[in-house]
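Q: when you get a sec, could you give me coordinates for this:
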Amino acid sequence: MKQWGFFFLLLVCFGLAYVKIEPFFGPKVERQNYDQYENDKVEDRRISENLPKKEITEEQIYQGNLLLVNSEYPVRPESIKSDVINLSTHNELTKGYVLLDSKIYLSEGIARRFSEMITAAEKEGVRNFSITSGFRDFDEQSVLYQEMGSAYALPAGYSEHNLGLSLDVGSTQMKMAEAPEGKWIENNAWKYGFILRYPKDKTDVTGIQYEPWHIRYVGLPHSAIMKEKNFALEEYLDYLKEEKDISVSINGEKYSITYYSISQSKTINVPDNSYFEISGNNIDGVIVTVYE
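A: Okay, here's the model as predicted:
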């Protein structure tokens, strides 16, 4: 009888462990087991010797969707998205949400992804979204800083809003911290490449108070990895720098992500027949993401 009790307890423990490994509501990010991953890295290095090489310029450190902008690393002119538009003149991109005023700007590419996300939220019955702020140029940021002070605004060049990748999202019904829109964004934005840039539990990492309205585009697979590991952008970039190479599978799609320090090398390996993206980190290197 004691043996049956022991086996039952063992089965319960296995069941609890399975639930912990496969959370129901989070992104399914799978990392290869260590031995297989190390074998694949050896094989990847062997293959990479025959891959085409691409020269990376120092300017590319300051371009892309993974740029870190904070009190240490400001926005450079070459970092600003080149496709910034006035949203009020593009009705096809503003369906399903309202604009606070007629002078809200954003990267067109990011606006399209945001529109896709709002469409998905609407299908789930969450539909009272607004955009209260988007891209700001340095002059506008400077005026805001002078008017609001350091407690509520950042100096020109030190705000993510100066990139074109970030926006402030509101609810037309209530504060985002309490609104269904805020909860939906927190749980689902990662699926569309967005992150909640200043979470409640990361103020010591970001140096910024909790902002449930401020979202930032980083793109998949990065948003899914950050959600699964509970990383702020600072932590994620440190993680990539430490790991150098990672391979992940997210909901069946495979990705390889490689960090290159530009101080050590100015040539990177690029795939011949795969789609890939290159983004700087705004610090010292670039991240190459291959969609396999």
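Q: relative to residue 211, how far out is the closest residue to residue 179 other than its chain neighbours?
A: Closest residue in space to residue 179, ignoring its immediate chain neighbours: residue 171 at 3.6 Å, by Cβ to Cβ, 6 or more residues apart in numbering. In this view, the C-beta of every residue, glycine as well, is placed from N, C-alpha and C. Distance, residue 171 to residue 211, by Cβ to Cβ, to the nearest Å: 14 Å.
Q: between these two, which has more neighbouring residues?
A: Between residue 171 and residue 211, counting by other Cβ atoms under 10 Å, residue 171 is the more crowded of the two (21 against 17).
Q: what ranges do the helices span in the stretch 51-200 of the chain?
A: Along the stretch 51-200 of the chain, counting by DSSP state H, counting those that start in this stretch, helices occupy 108-123, 138-148, 180-188.
Q: got those as a markdown table, with distance to residue 161, mean neighbour count and mean pLDDT columns?
A: Below are the helices of the stretch 51-200 of the chain laid out as a markdown table (distance: least, Cβ to Cβ, whole Å; neighbours: other Cβ atoms under 10 Å; pLDDT from 0 to 100):
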| stretch | distance to residue 161 | mean neighbour count | mean pLDDT |
| --- | --- | --- | --- |
| helix 108-123 | 12 | 18 | 97 |
| helix 138-148 | 7 | 14 | 92 |
| helix 180-188 | 17 | 19 | 97 |
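Q: right, and these - which one's nearest residue 280?
A: Nearest to residue 280, of all the helices of the stretch 51-200 of the chain, is helix 108-123, at 17.1 Å by Cβ to Cβ.
Q: so what secondary structure elements neighbour that closest one?
A: Contacts defined by 3 or more Cβ pairs under 8 Å, 6 or more residues apart in numbering; DSSP states H and E place helix 108-123 against strand 84-86, strand 129-133, helix 180-188, strand 194-196.
Q: let me see the residues that make contact with it.
A: 81, 83-85, 87, 90, 93-97, 106, 127, 129, 131, 164-165, 167, 181, 184, 188-189, 191-194, 217 (Cβ atoms under 8 Å, 6 or more residues apart in numbering).
Q: and with 6 Å instead?
A: Residues from elsewhere that reach helix 108-123 (Cβ atoms under 6 Å, 6 or more residues apart in numbering): 83, 85, 93, 96-97, 129, 184, 192-193, 217.
Q: do the same with stretch 91-104
A: So stretch 91-104 is in contact with 87-88, 111, 115, 118, 122, 129-132, 134, going by Cβ under 6 Å, 6+ apart.
Q: now the residues you listed as TSV including distance to residue 224?
A: Listed next are the contacts of stretch 91-104 as TSV, based on distance: Cβ to Cβ, whole Å:
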residue	distance to residue 224
87	26
88	32
111	21
115	20
118	19
122	22
129	22
130	26
131	24
132	26
134	24
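Q: nearest to residue 204 among those?
A: Nearest to residue 204 out of those is residue 132 (Cβ to Cβ; 26.2 Å).
Q: list the contacts of the closest one.
A: So residue 132 contacts 100, 168, 170 (Cβ under 6 Å, 6+ apart).
Q: top of those by neighbour count?
A: That'd be residue 170 among the contacts of residue 132, by other Cβ under 10 Å, with 22 neighbours.
Q: which parts of the chain are strands?
A: 29-31, 53-55, 84-86, 97-99, 105-107, 129-133, 166-171, 194-196, 214-217, 245-250, 253-261, 267-269, 275-280, 285-291 (DSSP state E).
Q: next, format those as JSON lines and append distance to residue 64 and mean pLDDT.
A: JSON lines is the format used below for the strands of the chain (distance: least, Cβ to Cβ, whole Å; pLDDT from 0 to 100):
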{"stretch": "strand 29-31", "distance to residue 64": "21", "mean pLDDT": "68"}
{"stretch": "strand 53-55", "distance to residue 64": "14", "mean pLDDT": "83"}
{"stretch": "strand 84-86", "distance to residue 64": "16", "mean pLDDT": "97"}
{"stretch": "strand 97-99", "distance to residue 64": "26", "mean pLDDT": "97"}
{"stretch": "strand 105-107", "distance to residue 64": "12", "mean pLDDT": "97"}
{"stretch": "strand 129-133", "distance to residue 64": "22", "mean pLDDT": "97"}
{"stretch": "strand 166-171", "distance to residue 64": "14", "mean pLDDT": "97"}
{"stretch": "strand 194-196", "distance to residue 64": "15", "mean pLDDT": "98"}
{"stretch": "strand 214-217", "distance to residue 64": "11", "mean pLDDT": "98"}
{"stretch": "strand 245-250", "distance to residue 64": "18", "mean pLDDT": "94"}
{"stretch": "strand 253-261", "distance to residue 64": "13", "mean pLDDT": "95"}
{"stretch": "strand 267-269", "distance to residue 64": "13", "mean pLDDT": "81"}
{"stretch": "strand 275-280", "distance to residue 64": "3", "mean pLDDT": "94"}
{"stretch": "strand 285-291", "distance to residue 64": "8", "mean pLDDT": "95"}
